[in-house]
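**Q** here you go, sequence then predicted model.
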Amino acid sequence: AQKITQTQPGMFVQEKEAVTLDCTYDTSDPSYGLFWYKQPSSGEMIFLIYQGSYDQQNATEGRYSLNFQKARKSANLVISASQLGDSAMYFCAMREGTNFGNEKLTFGTGTRLTIIP
Amino acid sequence: NAGVTQTPKFRILKIGQSMTLQCTQDMNHNYMYWYRQDPGMGLKLIYYSVGAGITDKGEVPNGYNVSRSTTEDFPLRLELAAPSQTSVYFCASSRLAGLAKNIQYFGAGTRLSVL
């Protein structure tokens, strides 16, 4: 089974609208972290936002927020007031557990977001 | 702020050639990682290191070697390049480990083609 599933290969959104990028995950570990990264056409991976499994509140970072629904195992990224510069690939990733040495990030296949002027 | 620096940015290899992908970070991070990203896919972990002199295999280590002689540098070695190693390679580093919030910071990537 896929650990991280991103079901939207591509999305087109009008500029200034909000957009939600879906991410579901699969783990039996009670302690885990969820990450979103942005990859613009230039290729670098940019960290956007983090949500811990024990965090009581949904994470927010500027225009980015994470809609964390633990029972449904979903961690959707919400971008408010989208901008042309938001056009990029977006990856959801997970780290399971808190043991030293278990540092692997498992990535989804990504969603390509295109903002339309 | 240099962060994580990878060289070269692009490289074309012939089958059977060898090369080293360089990675250096100036954030004094203990943990460093190498990932590969195949077209249309997410990243997969090749090797990682928890500090100078300590390395361990990730999900897809075959065909690669690493070393970590200093905190700053974590080179990735391809000994006998194969077409299956055509990919984009990312180096990353992180400060905190053993915690779920282990934010990894990435370099700009090296695009490698093996022909």
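**A** On my side now, so go ahead.
**Q** let me see the contact set for the residue of chain A found nearest chain B.
**A** Here the residue of chain A nearest chain B is residue A:107; by C-beta to the nearest C-beta that distance is 3.0 Å. All C-beta spots, glycine's among them, are computed from the backbone N, C-alpha and C. Contacts for residue A:107 (C-beta atoms under 8 Å, 6 or more residues apart in numbering or on different chains) come out as A:4, A:91, A:92, A:93, B:42, B:43, B:44.
**Q** can you tell me which of these is nearest residue B:114?
**A** Taking C-beta to C-beta as the measure, residue B:114 sits nearest to residue B:44 out of the contacts of residue A:107, at 16.9 Å.
**Q** burial of that closest one, as a residue count?
**A** Using other C-beta atoms under 10 Å in any protein chain shown, residue B:44 has 18 neighbouring residues.
**Q** please name the residues that touch it.
**A** By C-beta under 8 Å, 6+ apart, the contact set of residue B:44 is A:107, B:35, B:36, B:37, B:38, B:58, B:59, B:60.
**Q** again, only this time at 10 Å
**A** A:104-107, B:34-38, B:58-60, B:87 (C-beta atoms under 10 Å, 6 or more residues apart in numbering or on different chains).
**Q** any idea what the residue of chain A closest to chain B is bridged to?
**A** Taking DSSP bridges as the rule, residue A:107 bridges to residue A:93.
**Q** in what helix or strand does the most centrally placed residue in chain B lie?
**A** By C-alpha atoms, centre = their mean, chain B has its centre lying nearest to residue B:34, at 2.6 Å. Using DSSP states H and E, residue B:34 sits within strand B:31-37.
**Q** phi and psi next, for the nearest residue to residue B:103 once chain neighbours are set aside.
**A** Nearest residue to residue B:103 in three dimensions, chain neighbours excluded: residue A:47, at 5.5 Å (C-beta to C-beta, 6 or more residues apart in numbering or on different chains). Recorded main-chain torsions at residue A:47 are phi -70, psi 130, according to degrees, to the nearest 10.
**Q** also residue B:83?
**A** Dihedral angles of residue B:83 (phi, psi; degrees, to the nearest 10) stand at phi -60, psi -30.
**Q** where does residue A:59 land on pLDDT?
**A** According to the prediction, residue A:59 has pLDDT 95.
**Q** same deal with residue B:100?
**A** Residue B:100 is given a pLDDT of 59.
**Q** mean confidence score for the helix or strand hosting residue A:66?
**A** Using DSSP H and E, residue A:66 falls within strand A:64-69. Average pLDDT, strand A:64-69: 96.
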